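*Asks:* compute the structure for the input listed below.
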Amino acid sequence: MNLSLSKSTAPAAMPPVVWHGQEVQAAFTAYLEKADVGNQAAWTLFGLNVTATKARLARDFDELLVLEHIRGFTPLPHQVETARRVMQELHGRAILADEVGLGKTIEAGLIMKEYLLRGLARKILVLVPASLVLQWTRELNDKFRIPAYAQRNEWNWTQADVVVGSLDTAKREPHRSAVLEVEWDLVVVDEAHKLKNNRTKNWQMVNQIPNKYMLLLTATPMQNDLKELHTLITLLRPGHLGSRQEFASQHMANARQPRDAKELKSQLGHVMIRNRRRDGATNLPKRHVTAVPLELSPAERKLYDAVQQFLKQEYDERTALRRSVLPLITLQREICSSPYAAMHTLERMGKRATSESLRQRIAELMTLAQQVTTYTKVDKVLEMIASLDDKCIVFTEYRATQELLLYMLRKRGVSAVPFRGGFKRGKKDWMKDLFASKMKVLVATESGGEGINLQFCHHMINFDLPWNPMRLEQRIGRIHRLGQEREVHIYNLATRDTIEAHIVHLLQEKIRMFEMVIGELDYIVDDPKLSSKLEEKILEWSMTSESNGELVAKLEQYGDEWLQQVKESTTR
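*Replies:* You can find the predicted model right below:
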């Protein structure tokens, strides 16, 4: 039956509304007998009653109610299907493992709102990195009309029905006790790959939180070892994959290779959903990646060559004595970034030097660094930004270089703000908002490569590069993601005849071959070969190679091995 409310029965300020169903007609008839329909508040209450009635009448999740209660955006088909599957097939306990930039936050929001509408959830806890608390809170309020509250004090955990807070805060007392005393209906954990080790406080905290439903969001459900999948799934469904030992014997050929990939995939399908770009989940605007080769100035070249000679001598001595080479790795990377950054490490090494000869060599390098009066890479960034008529994010690995860039930009009259890991949550949110609304440039260290969404920007300059291919992809994912409406432009700076130039070639040539399926590389984002172990290898290769050609050959061999890993991961 069709029930239309005309202008004669509805308040004049309200438009006609059409509902369907005998139950709604009965509810309205009963309501007319008790309420003053000319009253605006009563009319609003009736609308709420209808929503509640429709929710009670919904017997399954084939038709989502949430789609009538979102605003400002239209969810993509894969996001709607994911929400439906989580509630209908996975019963509200799932790992959302979409590739970077495909909208895991949207999927989680759809699920949260659906449960709220149906009265299946009231108390919801969302745990995210501290820098993302405000971003999550805003999206839930603005897009889903969920009254989410950003946690700021101990009592916030129990006061609000929907709380967004950081896991780092939640696991510390007195917050921990406050969180654990609440019977949460739904718990959502973003960046859930940080729960991959069941011996950490993060995992133990999440494992103790009372919950009826749970969502774990991560683009990298497995990073180094298949056992990490078992650890995550144990949070959702203890025993689903057996004990840790049973999982290893039944499903693992080795740490990274499943015994029976098809069987393991079938088991994961009961608890994990992963949408991929190559499967048609979405079509993002095109990305353009450009290498920007640069020539060092004579003073910079003299310093670079002197540092390389110093590194070789120190490497031989430290290796013979089995001492840490970490300071050498740092110095090798900093000299590729800027002399200004390298000076900080040289100064620390000088203070810790155990011999007069070492102090003398470091003092000579410091003198050479002080003689550098112009910075080739900095000048190039200033030139590039001056040619852009839009916003740009500049990534550097080092805070000293960040401070130098900010100083030079402001000196040229270019509005710029910093973004780095040392900032508290409120300051990170403030810097992002300033960049969005007023500033032309955001100068970010590596902490800006994870979590924050900057779709309003479509230019990125990598002043220096991470020596991990997927960290580069994470950076790019800040602007090349859902919501980006324009083609994005990525510029990778590299100085010729330096180790940095070889790394740029390695990253760009290998990644370019997988531009259409780049998300598949998520599987190996933190493989030891691609992080600290890789840095040690590069230092070793550069220190022991007798020629530049030998170094390039070693890097190419590594690149081919890495590429083969990616190919294998895409066929799983």
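
*Asks:* next, the buried residues of stretch 372-389.
*Replies:* 372, 375-378, 380-382, 384-385 (16 or more other CB atoms under 10 Å). Any C-beta I mention is one placed from the backbone N, CA and C, and that applies to glycine too.

*Asks:* same question, stretch 330-347
*Replies:* So for stretch 330-347, counting by 16+ other CB under 10 Å, buried means 330-346.

*Asks:* for that stretch, measure first residue to last.
*Replies:* Start-to-end span of stretch 330-347 (CA to CA, to the nearest Å) is 13 Å.

*Asks:* so for that stretch, mean pLDDT?
*Replies:* What stretch 330-347 shows for mean pLDDT is 87.

*Asks:* so what touches it?
*Replies:* 300, 303-304, 307-308, 311, 327, 349, 362, 365-366, 369-370, 372, 375, 377-378, 396-398, 400-401, 404, 463-464, 467, 495, 498-500, 535, 538-539, 542 (CB atoms under 8 Å, 6 or more residues apart in numbering).

*Asks:* from the residues you listed, which would you call buried?
*Replies:* Buried among those by 16+ other CB under 10 Å: 300, 303-304, 307-308, 311, 327, 349, 362, 365-366, 369, 372, 375, 377-378, 396-398, 400-401, 404, 463-464, 467, 495, 498-500, 535, 538-539, 542.

*Asks:* can you tell me which of those residues are in helices?
*Replies:* 300, 303-304, 307-308, 311, 327, 349, 362, 365-366, 369, 377-378, 400-401, 404, 499-500, 535, 538-539, 542 (DSSP state H).

*Asks:* pick the one among the buried residues of stretch 372-389 closest to residue 120.
*Replies:* Comparing these against residue 120 with CB to CB places residue 385 closest, at 50.4 Å.

*Asks:* got the buried residues for stretch 544-554?
*Replies:* Those would be 551-552, 554, for stretch 544-554 by 16+ other CB under 10 Å.

*Asks:* what of stretch 126-140?
*Replies:* Neighbour-count burial for stretch 126-140 [16+ other CB under 10 Å]: 126-137, 139-140.

*Asks:* off-centre distance for it?
*Replies:* 12 Å (CA atoms, centre = their mean, to the nearest Å).

*Asks:* quick one: mean pLDDT over that stretch.
*Replies:* Stretch 126-140 shows a mean pLDDT of 91.

*Asks:* and stretch 354-362, by the same measure?
*Replies:* 89.

*Asks:* can you list the residues that contact it?
*Replies:* 310, 313, 346, 349-350, 353.

*Asks:* of all these, which two lie farthest apart?
*Replies:* Farthest pair in the contacts of stretch 354-362 (CB to CB) is 313 and 350. Separation: 15.2 Å.

*Asks:* looking at those two, which is more packed in?
*Replies:* More crowded of residue 313 and residue 350, by other CB atoms under 10 Å: residue 350, with 16 against 13.

*Asks:* hang on, that one packs against residue 364?
*Replies:* No - at 10.7 Å, residue 350 does not count as touching residue 364 under the criterion of CB atoms under 8 Å.

*Asks:* any chance of the contacts of stretch 354-362 in JSON lines, plus distance to residue 237?
*Replies:* Listed next are the contacts of stretch 354-362 as JSON lines, based on distance: CB to CB, whole Å:
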{"residue": "310", "distance to residue 237": "55"}
{"residue": "313", "distance to residue 237": "56"}
{"residue": "346", "distance to residue 237": "53"}
{"residue": "349", "distance to residue 237": "51"}
{"residue": "350", "distance to residue 237": "55"}
{"residue": "353", "distance to residue 237": "55"}
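
*Asks:* among the residues you listed, which one lies nearest to residue 547?
*Replies:* Looking across the contacts of stretch 354-362 and measuring by CB to CB, the closest to residue 547 is residue 313, at 18.4 Å.

*Asks:* okay, that closest one: pLDDT?
*Replies:* At residue 313, pLDDT is 87.

*Asks:* any idea how far residue 288 is from the closest residue to it other than its chain neighbours?
*Replies:* Closest residue to residue 313 apart from its sequence neighbours, by CB to CB, 6 or more residues apart in numbering: residue 361 at 7.9 Å. Residue 361 is 43 Å from residue 288, where distance means CB to CB, to the nearest Å.
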